[in-house]
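Asks: kindly generate the corresponding structure for this input.
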Amino acid sequence: MAATKLDTSLPTLLSNLTASLTSAAETLPAQNEDAAAATTSFLPPKDGISLLDVKNELLLSYLQNLTFLILLKLRNSNTKSRKDSEEAEDDGGVEDEVVKKLCELRLYLEKGARPLEGKLKYQIDKVVRAADDAARAETAQKSGGAGVAKKSAKKSTADGSEDDSA
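Replies: Residues are numbered from 1 along each chain as shown. A predicted model of the protein is given here:
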(Lines give C-alpha, C1' and ligand atoms only; values in the text may rest on other atoms or scores of the structure.)
Protein backbone atom coordinates (compact mmCIF):
# COMPACT_ATOMS: atom_id res chain seq x y z
CA MET A 1 0.00 0.00 0.00
CA ALA A 2 1.82 3.08 -1.24
CA ALA A 3 1.37 6.26 0.75
CA THR A 4 0.92 9.44 -1.22
CA LYS A 5 2.84 12.47 -0.04
CA LEU A 6 0.73 15.58 0.36
CA ASP A 7 2.13 18.91 -0.67
CA THR A 8 2.31 20.90 2.56
CA SER A 9 4.15 23.89 1.17
CA LEU A 10 2.96 27.30 2.25
CA PRO A 11 1.62 28.47 -1.15
CA THR A 12 -0.31 25.23 -1.63
CA LEU A 13 -1.86 25.45 1.83
CA LEU A 14 -2.88 29.06 1.24
CA SER A 15 -4.41 28.33 -2.15
CA ASN A 16 -6.35 25.36 -0.74
CA LEU A 17 -7.59 27.45 2.18
CA THR A 18 -8.73 30.33 -0.03
CA ALA A 19 -10.47 27.92 -2.42
CA SER A 20 -12.29 26.28 0.50
CA LEU A 21 -13.34 29.63 1.96
CA THR A 22 -14.58 30.83 -1.42
CA SER A 23 -16.67 27.72 -1.99
CA ALA A 24 -18.09 27.96 1.53
CA ALA A 25 -19.00 31.62 1.02
CA GLU A 26 -20.81 30.78 -2.24
CA THR A 27 -23.10 28.33 -0.47
CA LEU A 28 -24.21 30.86 2.14
CA PRO A 29 -27.46 32.77 1.56
CA ALA A 30 -27.19 36.21 0.00
CA GLN A 31 -26.52 39.18 2.29
CA ASN A 32 -29.46 41.21 1.00
CA GLU A 33 -32.05 38.66 2.15
CA ASP A 34 -34.24 39.33 5.15
CA ALA A 35 -32.13 38.99 8.31
CA ALA A 36 -34.74 36.89 10.09
CA ALA A 37 -35.01 34.46 7.18
CA ALA A 38 -31.23 34.17 6.93
CA THR A 39 -30.78 33.36 10.61
CA THR A 40 -33.55 30.78 10.67
CA SER A 41 -32.06 28.97 7.68
CA PHE A 42 -28.94 28.17 9.73
CA LEU A 43 -30.89 26.69 12.62
CA PRO A 44 -31.55 22.96 12.55
CA PRO A 45 -35.19 21.99 12.06
CA LYS A 46 -37.21 21.59 15.24
CA ASP A 47 -38.13 17.99 14.50
CA GLY A 48 -35.13 17.28 12.30
CA ILE A 49 -32.93 14.20 12.24
CA SER A 50 -30.41 14.57 15.04
CA LEU A 51 -27.83 12.28 13.39
CA LEU A 52 -27.50 14.69 10.49
CA ASP A 53 -27.22 17.62 12.91
CA VAL A 54 -24.44 15.82 14.79
CA LYS A 55 -22.66 15.04 11.54
CA ASN A 56 -22.83 18.70 10.49
CA GLU A 57 -21.46 19.80 13.87
CA LEU A 58 -18.62 17.28 13.64
CA LEU A 59 -17.71 18.44 10.14
CA LEU A 60 -17.79 22.07 11.24
CA SER A 61 -15.58 21.35 14.23
CA TYR A 62 -13.19 19.38 12.02
CA LEU A 63 -12.91 22.29 9.58
CA GLN A 64 -12.35 24.78 12.41
CA ASN A 65 -9.55 22.67 13.86
CA LEU A 66 -8.04 22.16 10.42
CA THR A 67 -8.05 25.91 9.82
CA PHE A 68 -6.47 26.48 13.23
CA LEU A 69 -3.73 23.95 12.42
CA ILE A 70 -3.01 25.74 9.14
CA LEU A 71 -2.83 29.03 11.04
CA LEU A 72 -0.35 27.52 13.50
CA LYS A 73 1.78 26.16 10.68
CA LEU A 74 1.80 29.56 8.98
CA ARG A 75 2.74 31.21 12.25
CA ASN A 76 5.52 28.68 12.84
CA SER A 77 6.92 29.26 9.37
CA ASN A 78 7.11 32.97 10.17
CA THR A 79 8.79 32.36 13.54
CA LYS A 80 11.28 29.94 12.01
CA SER A 81 12.33 32.65 9.61
CA ARG A 82 12.94 34.90 12.63
CA LYS A 83 14.78 32.11 14.49
CA ASP A 84 12.55 32.46 17.57
CA SER A 85 12.83 28.92 18.95
CA GLU A 86 10.98 29.44 22.25
CA GLU A 87 7.70 30.43 20.62
CA ALA A 88 8.03 27.65 18.05
CA GLU A 89 8.42 25.08 20.84
CA ASP A 90 5.30 26.39 22.60
CA ASP A 91 3.27 26.09 19.42
CA GLY A 92 4.57 22.55 18.88
CA GLY A 93 2.56 21.35 21.89
CA VAL A 94 -0.53 23.15 20.64
CA GLU A 95 -0.07 21.62 17.19
CA ASP A 96 0.07 18.16 18.74
CA GLU A 97 -3.17 18.81 20.63
CA VAL A 98 -4.89 20.07 17.47
CA VAL A 99 -3.72 17.03 15.50
CA LYS A 100 -5.03 14.74 18.26
CA LYS A 101 -8.38 16.55 18.17
CA LEU A 102 -8.50 16.22 14.37
CA CYS A 103 -7.85 12.48 14.67
CA GLU A 104 -10.59 12.19 17.29
CA LEU A 105 -13.12 14.07 15.15
CA ARG A 106 -12.25 12.02 12.09
CA LEU A 107 -12.70 8.85 14.10
CA TYR A 108 -16.15 10.04 15.21
CA LEU A 109 -17.07 10.75 11.61
CA GLU A 110 -15.73 7.49 10.16
CA LYS A 111 -16.60 5.03 12.90
CA GLY A 112 -19.65 6.72 14.39
CA ALA A 113 -21.65 8.85 12.00
CA ARG A 114 -21.02 7.02 8.72
CA PRO A 115 -22.10 3.52 9.89
CA LEU A 116 -25.16 4.93 11.64
CA GLU A 117 -26.06 6.88 8.52
CA GLY A 118 -25.79 3.67 6.49
CA LYS A 119 -28.09 1.83 8.89
CA LEU A 120 -30.62 4.66 8.89
CA LYS A 121 -30.45 5.32 5.13
CA TYR A 122 -33.90 3.85 4.48
CA GLN A 123 -35.51 5.93 7.22
CA ILE A 124 -33.69 9.09 6.11
CA ASP A 125 -34.81 8.55 2.50
CA LYS A 126 -38.37 7.98 3.71
CA VAL A 127 -38.37 11.27 5.65
CA VAL A 128 -36.90 13.15 2.68
CA ARG A 129 -39.54 11.69 0.34
CA ALA A 130 -42.30 12.65 2.77
CA ALA A 131 -40.96 16.21 2.93
CA ASP A 132 -40.80 16.38 -0.87
CA ASP A 133 -44.34 15.07 -1.18
CA ALA A 134 -45.57 17.63 1.35
CA ALA A 135 -43.82 20.43 -0.55
CA ARG A 136 -45.34 19.27 -3.84
CA ALA A 137 -48.80 19.07 -2.28
CA GLU A 138 -48.40 22.57 -0.87
CA THR A 139 -47.37 24.03 -4.23
CA ALA A 140 -50.24 22.22 -5.93
CA GLN A 141 -52.64 23.62 -3.36
CA LYS A 142 -51.25 27.14 -3.85
CA SER A 143 -51.67 26.88 -7.60
CA GLY A 144 -55.38 26.56 -6.93
CA GLY A 145 -58.06 24.82 -8.91
CA ALA A 146 -56.06 24.85 -12.15
CA GLY A 147 -54.41 21.55 -11.29
CA VAL A 148 -57.72 20.07 -10.14
CA ALA A 149 -59.46 21.15 -13.36
CA LYS A 150 -56.72 19.56 -15.48
CA LYS A 151 -56.96 16.31 -13.53
CA SER A 152 -60.75 16.19 -13.88
CA ALA A 153 -60.47 16.90 -17.62
CA LYS A 154 -58.02 14.03 -18.00
CA LYS A 155 -60.35 11.70 -16.11
CA SER A 156 -63.35 12.66 -18.24
CA THR A 157 -61.34 12.15 -21.42
CA ALA A 158 -60.21 8.76 -20.20
CA ASP A 159 -63.79 7.86 -19.27
CA GLY A 160 -65.06 9.01 -22.66
CA SER A 161 -62.47 6.98 -24.55
CA GLU A 162 -63.34 3.92 -22.50
CA ASP A 163 -67.04 4.40 -23.37
CA ASP A 164 -66.20 4.69 -27.10
CA SER A 165 -64.16 1.50 -27.12
CA ALA A 166 -66.77 -0.53 -25.20
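Asks: average pLDDT for the helix or strand containing residue 11?
Replies: Element membership of residue 11, judged by DSSP states H and E, is helix 10-27. Average pLDDT, helix 10-27: 80.
Asks: what does stretch 113-133 give?
Replies: On average, stretch 113-133 scores 90.
Asks: show me which residues of that stretch are buried.
Replies: residue 113 (16 or more other C-beta atoms under 10 Å). To be clear about C-beta, it is placed using only N, CA and C from the backbone, and glycine gets the same treatment.
Asks: and for it, what's in contact with it?
Replies: 49, 51-52, 54-55, 58 (C-beta atoms under 8 Å, 6 or more residues apart in numbering).
Asks: worst-scoring helix or strand of this protein, pLDDT-wise?
Replies: helix 145-165 (a mean of 49; mean pLDDT, DSSP states H and E).
Asks: if we can go back for a sec, just checking, what packs against the helix holding residue 11?
Replies: helix 50-82 (3 or more C-beta pairs under 8 Å, 6 or more residues apart in numbering; DSSP states H and E).
Asks: quick check: angle from the helix it packs on to helix 10-27?
Replies: Using axes from the mean of the first three to the mean of the last three C-alpha atoms, to 10 degrees, one finds that helix 50-82 and helix 10-27 are set 150 degrees apart in direction.
Asks: what is the mean pLDDT for helix 50-82?
Replies: The model assigns helix 50-82 a mean pLDDT of 87.
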